[in-house]
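[1] Here is the input, now give the coordinates:
(2 chains)
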Amino acid sequence: MRPIGVIEGTAVPLDRSDVDTDQIIPAQYLKRIERSGFGPFLFDEWRKDPGFVLNDPRYEGASILIAGANFGGGSSREHAPWALEDYGFEAVVAPSFADIFRNNCFKIGLLPIELPSESVRTLMDAVLDDPATRIVVDLPDRVVRAPGLDESFEMDEFTHRRLLEGLDDIGLSLRNEAKISAFEATRPGWLPSA
Amino acid sequence: MPQTLAEKVWERHVVHRADGEPDLLYVDLHLVHEVTSPQAFESLRMHGRGVRRPDLTVATMDHNVPTTVGPVTDEVSARQMQALQANADEFGVTLYPWGSAGQGIVHVIGPEMGYTQPGMTIVCGDSHTSTHGAFGALAFGIGTSEVEHVLATQTLPQRAAKTMAVTVEGDLPDGVGAKDVILGIINRIGTGGGVGHVIEYRGSAIRSLSMEGRMTICNMSIEAGARAGMVAPDDTTFAYVEGRPHAPVGAAWEAALDEWRTLPSDRGAAFDAEVAIDATGLQPYVSWGTNPAQSVTIDQQVPEPASFDEPSTRDAAVRALAYMGLAPGTPIREIRPDTVFLGSCTNSRIEDLRVAAEIVRGRTVADGLRALVVPGSVAVKLQAEQEGLDRVFSEAGFDWRGAGCSMCLGMNPDILRPGERSASTSNRNFEGRQGKGGRTHLVSPAVAAATAIAGRFTTPKDLP
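    Next up is the predicted model:
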């Protein structure tokens, strides 16, 4: 994974709560066995509506998505963060995220940034009002900055360091290889195996 | 200090713990299907890594498979299925492919073969892995990067979870089943109500359920946003596991039982959140919207969006009703589905089929309505056929199919057409979930069966 620093850019306001991963990338596009190329199918059904925010030329080139609460619920498909990333998003800001979606984002380096509802509302309104509004997601300092907003976000030290340094998660776990082997030696013999 | 069931299973699987780091947990069983695994295997190849424990990895094909006889005509689906076969061969993973006797929905075959046992950690690149929690296992869905992580290391770094007790006390009224219990719970706590938590379902109503019923409940934990759902193992659990192909036998069985009996939450164990549900007040639920919390009981009406206080909930209701083509105030019993789907990892087990078969026996599916029954596994299909259930369904006008995920999600030939409305025993009523433009109403197998006969939403006791 590539190291992440400061993300700065414009944002797309997706003013809806409970956006599930079936909407982010519908199931018919999950048949691909490749890791890339999902961006064109991001929000596939909603994009058929000319009034959908992603079709608004004023929001072209945005790198941040602002959304409502409980973003990314439902299916565990990592294709959802892949599609967001492939489309050009580097961060999603919302009041809350579904657990599996958040994990998947961290694995690929798409930042799921949780801010209080009022702050997300402030950002949403600012971007709705002026699509050229610049937003900074500062990972090193763990803060989001925009006109009228300067708000810290929570991220545990481990994840923070991993993202800043672009560390390989599997490599990190394999540093504990001796402990894994020792654990395996203690597993009860009656546990099932194929 | 008293511990909960979830805490016990978690603590018994910690391989590495350090300040400021997530715990590294050992994974006892890794279930794999064709959709979320190809990129993980490909990345293993790119990094020159192998599968650490192919003996703890079990694969099957379920999402793409057609449920009718004949070849896979969708080339892209076929390619994904071939990729899993090739990966299983290359990495030495046991695979139950399409056409084999062990094939079925991954969350149906795990328990029925005895791979799923109490106290285990079980993961799969599939959010409905929570199903296996019915056995007192800690089971949760993961993404493809995590699938790769488990294949390579048999471990997963996991941030501590909070615990939630959902206690359902009392006797369930006649005609109210496990599906109604979980739809009622989700309606109460919301689609985000369980986020960050492992739910333990407790209380007399849960204890009285069969393993199939408990699996239905744990299956939909993810629909409340929970990381996992669990039920403490008891004699019902042990009776289900005993004698299955991968269950321990002899002295090993006794040793396993001793261990499993230590799993239930200790008296006085504290939960981070607690919810109490009165079982006697539950009724059959029918969803009206596009998320599983948007439901009412069958005697109610489609709600008026203005009745919701929270602006985002109100907006969501307006959008949902537009998508669903429903007017506020419409009695649920007046809604007429075009299709009835009985299947999915939520409700495709033998007990679900038995309940539905008893309702449709000697009756006929309503004119113009399409009804299909999709057993969760080849084993369930054979069992049902031995019991003659296939004939009961066929004579009533249901289509009797092969095993797979089928119409739960639009990845195989079984889909809703745009604007088509279903009564479905599956788990998600998201926009387009069963096919572009399809309109899904989530219900129990009993309501699905009765609705197929009546041609509108109804319960078995209201059938003539």
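[2] Next up, phi/psi of residue 53, please.
    Looking at chain A here, since you left the chain open. phi -60, psi -30 (degrees, to the nearest 10).
[3] measure it to chain B for me?
    14 Å (CB to the nearest CB, to the nearest Å). To be clear about C-beta, it is placed using only N, CA and C from the backbone, and glycine gets the same treatment.
[4] Which parts of the stretch 101-250 of chain B are helices?
    Applying DSSP state H, counting those that start in this stretch to the stretch 101-250 of chain B gives helices spanning B:106-112, B:144-153, B:178-189, B:204-207, B:211-219, B:235-241.
[5] Confirm B:T440 sits in a helix?
    No: assigned with DSSP: H, G, I helix; E, B strand; the rest coil, B:T440 falls outside any helix and is strand.
[6] beta partners of it?
    B:S422 (DSSP bridges).
[7] For B:S406, see how far away it is.
    The gap separating B:T440 from B:S406 is 13 Å, by CB to CB, to the nearest Å.
[8] what about the spatially closest residue to A:W46 that is not a sequence neighbour, neighbour count?
    Sequence neighbours aside, A:F52 is the residue nearest to A:W46 in space, at 4.8 Å (criterion: CB to CB, 6 or more residues apart in numbering or on different chains). When neighbours are defined as other CB atoms under 10 Å in any protein chain shown, A:F52 has 13 of them.
[9] pLDDT score for A:F52?
    pLDDT, A:F52: 98.
[10] Strands along the stretch 301-450 of chain B, start to end?
    B:339-342, B:370-373, B:399-400, B:421-424, B:439-442 (DSSP state E, counting those that start in this stretch).
[11] Format those strands as JSON lines; extra columns: distance to A:L42.
    Below are those laid out as JSON lines (distance: least, CB to CB, whole Å):
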{"stretch": "strand B:339-342", "distance to A:L42": "28"}
{"stretch": "strand B:370-373", "distance to A:L42": "32"}
{"stretch": "strand B:399-400", "distance to A:L42": "35"}
{"stretch": "strand B:421-424", "distance to A:L42": "26"}
{"stretch": "strand B:439-442", "distance to A:L42": "22"}
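[12] would you list the ones you listed in TSV and tack on mean neighbour count?
    Formatted as TSV, the strands of the stretch 301-450 of chain B follow (neighbours: other CB atoms under 10 Å in any protein chain shown):
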stretch	mean neighbour count
strand B:339-342	28
strand B:370-373	24
strand B:399-400	17
strand B:421-424	26
strand B:439-442	28
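[13] among the ones you listed, which is nearest A:V6?
    Within the strands of the stretch 301-450 of chain B, the stretch nearest A:V6 is strand B:439-442; the backing value is 42.5 Å (CB to CB).
[14] Could you provide the helices of the stretch 101-250 of chain B in JSON lines, with additional columns for mean pLDDT?
    Shown next, in JSON lines, are the helices of the stretch 101-250 of chain B (pLDDT from 0 to 100):
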{"stretch": "helix B:106-112", "mean pLDDT": "98"}
{"stretch": "helix B:144-153", "mean pLDDT": "98"}
{"stretch": "helix B:178-189", "mean pLDDT": "98"}
{"stretch": "helix B:204-207", "mean pLDDT": "98"}
{"stretch": "helix B:211-219", "mean pLDDT": "98"}
{"stretch": "helix B:235-241", "mean pLDDT": "98"}
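[15] and of the strands of the stretch 301-450 of chain B, who's closest to A:S96?
    Nearest to A:S96 among the strands of the stretch 301-450 of chain B is strand B:439-442 (23.2 Å), distances taken as CB to CB.
[16] Quickly list what the nearest residue to A:F89 once chain neighbours are set aside is bridged to.
    Of all residues not flanking A:F89 in the chain, A:L65 sits nearest, at 5.0 Å (CB to CB, 6+ apart). Note on A:L65: beta-bridge partners by DSSP bridges are A:V12, A:V92.
[17] Could you check how far A:L65 is from A:L167?
    25 Å.
[18] which one of the two has more residues nearby?
    Using other CB under 10 Å as the criterion, A:L65 and A:L167 rank with A:L65 on top: 26 against 14.
[19] in stretch B:90-107, what's buried?
    Going by neighbour count (16 or more other CB atoms under 10 Å in any protein chain shown), the buried part of stretch B:90-107 is B:91, B:93-98, B:102-107.
[20] Can I get these in TSV including distance to chain A?
    Below are those laid out as TSV (distance: CB to the nearest CB, whole Å):
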residue	distance to chain A
B:F91	12
B:V93	8
B:T94	4
B:L95	9
B:Y96	10
B:P97	14
B:W98	15
B:G102	10
B:Q103	14
B:G104	15
B:I105	14
B:V106	12
B:H107	13
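[21] that older thread, of the helices of the stretch 101-250 of chain B, which approaches B:L372 most closely?
    Per CB to CB, nearest to B:L372 of the helices of the stretch 101-250 of chain B: helix B:106-112, 16.8 Å.
[22] Quick one: end-to-end distance for stretch B:403-418.
    25 Å (CA to CA, to the nearest Å).
[23] what do you get for stretch B:324-344?
    Stretch B:324-344: ends 21 Å apart by CA to CA.
[24] what separates that stretch from the chain centre, distance-wise?
    21 Å (CA atoms, centre = their mean, to the nearest Å).
[25] which parts of it are buried?
    Applying 16+ other CB under 10 Å to stretch B:324-344 flags B:324, B:326, B:332-333, B:335, B:337-344 as buried.
[26] The residues you listed: which ones sit near chain A?
    Among the buried residues of stretch B:324-344, no residue lies close to chain A (CB under 8 Å from any CB of the partner chain).
[27] Tabulate the residues you listed in a markdown table, adding columns for pLDDT and distance to A:V19.
    Listed next are the buried residues of stretch B:324-344 as a markdown table, based on pLDDT from 0 to 100; distance: CB to CB, whole Å:
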| residue | pLDDT | distance to A:V19 |
| --- | --- | --- |
| B:M324 | 98 | 17 |
| B:L326 | 98 | 21 |
| B:I332 | 98 | 26 |
| B:R333 | 98 | 31 |
| B:I335 | 98 | 26 |
| B:P337 | 98 | 26 |
| B:D338 | 98 | 27 |
| B:T339 | 98 | 26 |
| B:V340 | 98 | 29 |
| B:F341 | 98 | 25 |
| B:L342 | 98 | 29 |
| B:G343 | 98 | 26 |
| B:S344 | 98 | 22 |
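[28] Strands of chain A, start to end?
    Residue ranges of the strands in chain A, as given by DSSP state E, are A:6-9, A:11-14, A:64-67, A:91-94, A:111-114, A:135-138, A:143-146, A:149-152.
[29] Out of those strands, flag the one nearest B:T57.
    strand A:111-114 (28.7 Å).
[30] Which strands border the closest one, and is each parallel or antiparallel?
    strand A:91-94 (parallel).
[31] Output the strand it pairs with as CSV, nothing but the C-alphas.
    Extracted in CSV, the C-alpha atoms of strand A:91-94 (Å, rounded to 0.1, in the frame of the first residue of the first chain):
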residue,chain,number,x,y,z
ALA,A,91,-11.4,9.9,1.5
VAL,A,92,-15.1,9.5,2.6
VAL,A,93,-16.3,11.7,5.4
ALA,A,94,-19.5,10.7,7.3
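[32] would you list every one of the helices in chain A?
    A:21-24, A:79-87, A:99-108, A:117-129, A:157-165, A:169-174, A:177-186 (DSSP state H).
[33] Output those in JSON lines; the columns should cover mean pLDDT and distance to A:R47.
    Shown next, in JSON lines, are the helices of chain A (pLDDT from 0 to 100; distance: least, CB to CB, whole Å):
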{"stretch": "helix A:21-24", "mean pLDDT": "98", "distance to A:R47": "10"}
{"stretch": "helix A:79-87", "mean pLDDT": "98", "distance to A:R47": "10"}
{"stretch": "helix A:99-108", "mean pLDDT": "97", "distance to A:R47": "20"}
{"stretch": "helix A:117-129", "mean pLDDT": "97", "distance to A:R47": "19"}
{"stretch": "helix A:157-165", "mean pLDDT": "96", "distance to A:R47": "29"}
{"stretch": "helix A:169-174", "mean pLDDT": "95", "distance to A:R47": "32"}
{"stretch": "helix A:177-186", "mean pLDDT": "98", "distance to A:R47": "44"}
